[in-house]
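A.B. asks: Whatever this is, show me its structure:
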Amino acid sequence: MAEKYNICLDIGGTKILGAIFNSKKEIVYRIKKKTKADGDDTQNVEEVIISVVDELISEFGIKTSQINAIAAGAPGVIDQDKGIVLTSPNLPWKDYNIRKPIEKKFGAPFFIGNDVNVGVLGEYKYGAARGYDNVVGLFVGTGMGGGLILDGKLFTGHLFKGAEYGHMILDPEGPKCNCGQRGCLEAFSSKQGMSDYIRTQAARGRQTPMAEGVVGGVFKSKLLKKSLEAKDPVAVEAVDRACHYLAIATGNLINTFSPEIVVYGGGVIEACGDYFVEKITAEVDKYCMPSIRNTVELKKAALGDDSILYGALSMILEGKKK
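C.D. replies: From the prediction side, this is the model:
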């Protein structure tokens, strides 16, 4: 009998990562594609997902009948039970049943969840948080995402809207956030927040290799790593400020949930994780109760770019059990 494979996707506002897992839970093939998330065309993103799955199948050389299931992590508020994207910040979806067309096309079960929830699930099942039952995850990328495992279960809150740590307000007089509030963690510590700070400094006439990288939006994580290694003062300030607010947020989360571990993931951590985790660890004690702090580990994600892919695999294995 032909081997069955699982197809797992990480759907972003700018790119989709796709991977094929064999029955031993190993990635045997992978691709990366740009997402065209322009305008209001829901069809567009759906077509990209279908084309990525088609490409994985044809390039790896398997039949559609060999697909056990497909799963994805995507940005936004997602009803995991029904496979409906309720809202998505970077993708043109609203109350959109993405499960139906994908299952119809491939004749295999399709699972989808919020990308950071799925990434934290990946780290919990296969990465840095393996073996812990209470896990707080903070993913630092273009925005700031959160995920939470409580008593061994992914906690998604009422109507799948929980664990939005990026919008924890740390300074009501602080910079404006994309969500409309002021002083959110995301406004200080995400790529967006750090880019805004760097732009302001460059506008004041300060020289920095980061200036060009933030002209059209947010810098690339590799450029930040380079600038930190070169000890560029503006980059160091932007990161130290980001880590300061991440330390405050971490302290609040430690006091609230008493997790066994806090895991930091996302593109920025993938590029400069040790610097971030060291800075946060050095400062976090000021913002939480010692008796709770001394039972918590702080670690960077172990799976890097693959956290969401492994989380998607975990959704398949859980979903097929039910």
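
A.B. asks: Test my guess that residue 127 contacts residue 302.
C.D. replies: Yes - using CB atoms under 8 Å, residue 127 is in contact with residue 302, at 4.0 Å. In this view, the C-beta of every residue, glycine as well, is placed from N, C-alpha and C.

A.B. asks: For these two, indicate the residue with more neighbours.
C.D. replies: Neighbours were counted for residue 127 and for residue 302 using other CB atoms under 10 Å; residue 127 has more, 23 against 17.

A.B. asks: Give me the distance between the more buried one and residue 196.
C.D. replies: 30 Å (CB to CB, to the nearest Å).

A.B. asks: so who does residue 144 touch?
C.D. replies: 138, 165-166, 184-186, 189-190, 193 (CB atoms under 8 Å, 6 or more residues apart in numbering).

A.B. asks: closest to residue 316 among these?
C.D. replies: residue 138 (25.0 Å; CB to CB).

A.B. asks: Quick one: classify the closest one as helix, strand or coil.
C.D. replies: Assigned by DSSP: H, G, I helix; E, B strand; the rest coil, the conformation of residue 138 is strand.

A.B. asks: Quick check: closest non-adjacent residue to it.
C.D. replies: Once flanking residues are discounted, residue 138 sits nearest to residue 264: 5.4 Å by CB to CB, 6 or more residues apart in numbering.

A.B. asks: Quick check, the one you found in contact with residue 281.
C.D. replies: No - in this structure residue 264 lies outside contact range of residue 281 using CB under 8 Å: 10.3 Å.

A.B. asks: list residues touching both of those two?
C.D. replies: What both residue 264 and residue 281 touch, as defined by CB under 8 Å, 6+ apart, is the set residue 298.

A.B. asks: out of these two, which sits in the more crowded spot?
C.D. replies: residue 264 (24 against 16).

A.B. asks: in the stretch 201-322 of the chain, which spans are helices?
C.D. replies: 221-229, 233-257, 267-284, 290-293, 307-321 (DSSP state H, counting those that start in this stretch).

A.B. asks: among those helices, which is the most enclosed?
C.D. replies: Stretch with highest mean neighbour count among these: helix 307-321 (a mean of 23; mean count of other CB atoms under 10 Å).

A.B. asks: quick one: contacts of that helix?
C.D. replies: So helix 307-321 is contacted by 6, 8-10, 17, 19, 21, 25, 27, 68-73, 80, 109, 111, 113, 115, 117-127, 139, 265, 301, 303 (CB under 8 Å, 6+ apart).

A.B. asks: roughly how far out does that helix sit from the chain middle?
C.D. replies: In terms of CA atoms, centre = their mean, to the nearest Å, the centre of helix 307-321 is found 15 Å from the chain centre.

A.B. asks: Compute the inter-axis angle for that helix and helix 267-284.
C.D. replies: 100 degrees (axes from the mean of the first three to the mean of the last three CA atoms, to 10 degrees).

A.B. asks: elements contacting the helix or strand of the chain with the lowest mean pLDDT?
C.D. replies: Every helix and strand of the chain was ranked by mean pLDDT, DSSP states H and E. The lowest is helix 42-60, at a mean of 85. Judged by 3 or more CB pairs under 8 Å, 6 or more residues apart in numbering; DSSP states H and E, the packing partners of helix 42-60 are strand 5-11, strand 15-21, strand 27-34, strand 67-74, helix 99-106.

A.B. asks: Now do the buried residues in the third one.
C.D. replies: Same thing as strand 27-34. 29-30 (16 or more other CB atoms under 10 Å).

A.B. asks: Kindly report the same for the last one.
C.D. replies: Applying a neighbour-count criterion of 16+ other CB under 10 Å, the buried positions in helix 99-106 are 99, 101-102, 105-106.

A.B. asks: Check which element follows it along the chain.
C.D. replies: Downstream of helix 99-106, the next assigned helix or strand under DSSP states H and E is strand 110-114.

A.B. asks: I'd like the distance from that following strand to the chain centre, please.
C.D. replies: 14 Å.

A.B. asks: Check stretch 195-213 too.
C.D. replies: 26 Å.

A.B. asks: same question, stretch 18-26
C.D. replies: That offset, for stretch 18-26, works out to 20 Å (CA atoms, centre = their mean).

A.B. asks: hang on, the earlier thing: any idea of the angle the least confident helix or strand of the chain forms with helix 99-106?
C.D. replies: Using the same axes, to 10 degrees: helix 42-60 against helix 99-106 is 30 degrees.

A.B. asks: Thank you, goodbye.
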